[in-house]
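Trainee: Got a predicted structure here, sequence first:
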Amino acid sequence: MDYKQVVADTLAPALTDVLSAADIYQKIERPKDTSKGDYAFPAFTLAKTFKKAPQQIASDLVEKIDTSKFEKVEVAGPYLNFFLDKAAFSAQILGEVLTAGADYGQNQSGNNGNVPIDMSSPNIAKPISMGHLRSTVIGNSIAEILRKNGYNPIKDNHLGDWGTQFGKLITAYLKWGNEADVKKDPITNLVKYYVKFHKEDVEHPELDDEAREWFKKLEDGDEQARHLWSWFRDESLKAFKTIYDKLGVKFDTYNGEAFYNDKMQAVIDDLKQKGLLKESQGAQVVDLEKYNLNPALILKSDGASLYITRDIATAVYRENTYHPAMNLYVVGSEQMYYFKQLKAVLTEMGLPSAKNLHHIPFGLITVNGKKLSTRSGRIILLDAVLDDAIEMAQKQIAEKNPDLPNKDQVAKQVGVGAIIFGDLKNERMNSIDFNLAEQLKFEGETGPYVQYAHARAESILRKASDVTVPTSDAKISDPEAWETIKALADFPDVIVEALKEFEPSDVAKYAIRLAKAFNKYYAHSKILADDAEKPARLALVKSVSTVLKEALRLLGVEAPDEM
């Protein structure tokens, strides 16, 4: 039940001449101070209409409305404050959570529409660094939030698996590499060969000619070049997947840049046919003046394609393959202008999904305030950070709960979960200064704090395993439970809002709020006391466990039952 709507419907008969029910609904507020009610109507918004003092308007309204559905309705200055019937409300919300289980908050607004999500996108033969973390975990969480809203997300790891660097890599491998080393540690050794190439070509510029020759062979389908490229790609993917497995992230497709090689000419032909390509200083561009954007460069003067040529081909392929309800690109904020151009070109082409193309930008991740950079040597390998987090979690478990079953599994859940949650609790446009020790704390707004609240709830339920938890009529009179119950009631709205803004931090902040409310309830209430309300209190605990686990799942974080 939408209790805000109940408040609006209660007020509507008294305000029918001046406000519609929809207008009333929009004006209703949620007081931050719960002593001032659960919902409030600001009477001062009607002062000009009624030509009365706001307090008098509020006093007149309370005399005209039916207050029987509420615990009480009272005037407080210019506000009319509504207090919900706590027993009825708690019974309804707990019943909804326990009946739905993990499906609580699920809606079907997406109507199973396909939503490709362009995310992660590391370059082949290069390491996955901390710089890849944000696109990966933000994209993964948005996929789960989409699914919770009834969409069918398609996670597409658009690999950087083409370009002149492969000519350099093939040249370097043939001169200095060997098969055993690549198989043993592909990324480290392929990067080593690539770096050596760039050192050697300073004194031996003929290496660049050799590299161009090999890339030309690769483009022309030369058997040896294709074999080496395919092998480098396969070995890189094996290494990448060990990291994705640690993060718990799976992809639906790994269609990289190379996949679209044979699809670009059709796009160029289409642009020409529609009269969109214009010559500019020998290059081919699409004029975007009407969008207040610079022209989009589609082909260089030598006929070479660019990133945008490939991205147009990608968007066309996704349109024809998935008929997407939305097309999402989880890419850093420095690419905002580029995606405006891409969307504008696709709009000019008449691509149906162009209007629902969304670039989902995010801020930088820094370490000690410094931007990560491969060229300057400030690169931090994601795999190493995940291992460090797991090791730190293992040490904490050894100190606090050495007899914990499945210690290694829990350490992985806590360590990896801390990194993911530490990223996603921030609004995605904010930059993050990474601090592993802070993210692994069990106090404060961290992943382990939320995970521990869930484990605490599960511990209580184990202690009371002999009690049947009711799924209906679980009425709680305990005032300490009220904030937790209201937080549980908010979860379905949080799911909707998180999608509206593509903002996983809405879910993370909600999880923190629910965990805090529950921990406060736990501290002030004798949950396991043997009285008439014990089953209802356990229903609340079970509901908290269910919703915390689901909120964490939407973020890509696991919820251990014991910690």
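Mentor: Perfect, I can see it now.

Trainee: hey, let's count contacts and neighbours off CA atoms from now on
Mentor: Will do.

Trainee: Ramachandran coordinates for Asn157?
Mentor: phi -90, psi 90 (degrees, to the nearest 10).

Trainee: what about the helices in the stretch 101-250 of the chain?
Mentor: Along the stretch 101-250 of the chain, counting by DSSP state H, counting those that start in this stretch, helices occupy 133-148, 165-176, 179-184, 186-203, 206-219, 223-247.

Trainee: Over to the stretch 301-450 of the chain?
Mentor: Using DSSP H, counting those that start in this stretch, the helices assigned to the stretch 301-450 of the chain run over residues 307-322, 336-349, 382-400, 407-424, 436-439, 447-463.

Trainee: which one of the helices of the stretch 101-250 of the chain is the most hemmed in?
Mentor: Comparing the helices of the stretch 101-250 of the chain on average neighbours per residue, with mean count of other CA atoms under 10 Å, the densest one is helix 133-148 at a mean of 24.

Trainee: what's next to that one, contact-wise?
Mentor: 105-108, 110, 117-120, 152-155, 249, 330-332, 362, 365, 382, 420, 423-424, 428, 495, 498-499, 502-504, 554-556 (CA atoms under 8 Å, 6 or more residues apart in numbering).

Trainee: Compute the inter-axis angle for it and helix 223-247.
Mentor: In terms of direction (axes from the mean of the first three to the mean of the last three CA atoms, to 10 degrees), helix 133-148 departs from helix 223-247 by 70 degrees.

Trainee: and helix 133-148, how far out from the chain's middle?
Mentor: With CA atoms, centre = their mean, to the nearest Å as the basis, helix 133-148 stands 4 Å off its chain's centre.

Trainee: now stretch 31-49
Mentor: Worked out by CA atoms, centre = their mean, stretch 31-49 lies 34 Å from the chain centre.

Trainee: What are the contacting residues of it?
Mentor: In contact with stretch 31-49 (CA under 8 Å, 6+ apart) are residues 4, 7, 18, 27-30, 53-55, 57-58, 76, 78-84.

Trainee: From these, which land in strands?
Mentor: Ala76, Tyr79, Leu80, Asn81, Phe82, Phe83, Leu84 (DSSP state E).

Trainee: and Lys148, how far is that from Gln108?
Mentor: Per CA to CA, to the nearest Å, Lys148 is found 8 Å from Gln108.

Trainee: residues of stretch 121-130 that come out buried?
Mentor: Within stretch 121-130, the residues that qualify as buried are Ser121, Pro122, Asn123, Ile124, Ala125, Lys126, Pro127, Ile128, Ser129, Met130, counting by 16 or more other CA atoms under 10 Å.

Trainee: average pLDDT for that stretch?
Mentor: Looking at stretch 121-130 alone, the average pLDDT works out to 93.

Trainee: mind checking the end-to-end distance for that stretch?
Mentor: First residue to last in stretch 121-130 (CA to CA) measures 13 Å.

Trainee: Any chance you could list what contacts that stretch?
Mentor: Stretch 121-130 has contacts (CA under 8 Å, 6+ apart) with 132, 157-161, 186-188, 190-191, 232-233, 236-237, 240, 365, 372, 379-383, 385.

Trainee: can you rerun that using 7 Å?
Mentor: Outside stretch 121-130, the residues within contact range by CA atoms under 7 Å, 6 or more residues apart in numbering are 157-161, 187, 190-191, 232-233, 236, 379-382.

Trainee: can you check stretch 395-413 too?
Mentor: Here stretch 395-413 has contacts from Ile390, Ala393, Gln394, Glu558, Pro560, Met563, using CA under 7 Å, 6+ apart.

Trainee: quick one on the thing from earlier: in PyMOL, how would I select just the buried ones from the contacts of stretch 31-49?
Mentor: This is how PyMOL selects the buried members of the contacts of stretch 31-49, with burial counted by 16+ other CA under 10 Å:
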select buried, resi 4+7+28+54+55+57+58+78+79+80+81+82+83+84
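
Trainee: Look up the pLDDT of the residue nearest to Tyr194 when sequence neighbours are not counted for me, please.
Mentor: Nearest residue to Tyr194, sequence neighbours excluded (CA to CA, 6 or more residues apart in numbering): Leu169, at 5.5 Å. On pLDDT, Leu169 comes in at 96.

Trainee: Wait, Leu169 touches Val195, no?
Mentor: No. In this structure Leu169 lies outside contact range of Val195 using CA atoms under 7 Å: 9.3 Å.

Trainee: who's in contact with the nearest residue to Tyr322 once chain neighbours are set aside?
Mentor: Spatially, and ignoring its direct neighbours in sequence, Tyr322 is nearest to Asn114 (6.2 Å; CA to CA, 6+ apart). Residues near Asn114 by CA under 7 Å, 6+ apart: Tyr151, Asn152, Pro153, Ile154, Tyr322, His323, Pro324, Ala325.

Trainee: Double-check the fourth one against Val115; I have them as touching.
Mentor: Think Ile154. Yes. At 5.8 Å, Ile154 counts as touching Val115 under the criterion of CA under 7 Å.

Trainee: Comparing the two, which residue is more hemmed in?
Mentor: Per other CA atoms under 10 Å, whichever of Ile154 and Val115 has more neighbours is Val115, with 25 against 19.

Trainee: Specify the beta-bridge partners of that one.
Mentor: Bridge pairing for Val115 (DSSP bridges) gives the partners Pro153.

Trainee: Tell me who's in contact with it.
Mentor: Contacts for Val115 were tallied using CA under 7 Å, 6+ apart; they are Tyr151, Asn152, Pro153, Ile154, Pro324, Ala325, Met326, Asn327.

Trainee: what's the closest non-adjacent residue to Leu190?
Mentor: Ala125 (5.7 Å).

Trainee: secondary structure class for Glu559?
Mentor: Just so we're on the same page, residue 559 is Ala rather than Glu. Following DSSP: H, G, I helix; E, B strand; the rest coil, Ala559 is assigned to coil.

Trainee: Roughly how far does Ala481 sit from Ile397?
Mentor: Applying CA to CA, the value for Ala481 to Ile397 is 30 Å.

Trainee: swap that for Leu357, please
Mentor: Leu357 sits 45 Å away from Ile397, going by CA to CA.

Trainee: out of those two, which sits in the more crowded spot?
Mentor: Using other CA under 10 Å, the more surrounded residue of Leu357 and Ile397 is Leu357, with 23 against 19.

Trainee: how close does the closest residue to that one other than its chain neighbours get to Asn255?
Mentor: In this structure, Leu357 finds its nearest non-sequential neighbour in Asn327, 4.6 Å apart by CA to CA, 6+ apart. In this structure, Asn327 and Asn255 are 15 Å apart, going by CA to CA.

Trainee: now Asp478
Mentor: In this view, Asp478 and Asn255 are 55 Å apart by CA to CA.

Trainee: partners of the helix or strand of the chain with the lowest mean pLDDT, with directions?
Mentor: Among the helices and strands of the chain, strand 370-371 carries the lowest confidence by mean pLDDT, DSSP states H and E, at a mean of 76. Sheet pairing here is set by DSSP bridges, and for strand 370-371 it gives strand 365-367 (antiparallel).

Trainee: now what about the partner strand, what contacts it?
Mentor: Gly131, Lys371, Leu372, Ser431, Ile432, Asp433, Phe434.

Trainee: Point out the least confident one among these.
Mentor: Lowest pLDDT of the contacts of strand 365-367: Leu372, 70.

Trainee: Run a quick neighbour tally on that one.
Mentor: Leu372, neighbours per other CA under 10 Å, totals 18.

Trainee: So it versus Asn157, what's the distance?
Mentor: For Leu372, the distance to Asn157 equals 22 Å [CA to CA].
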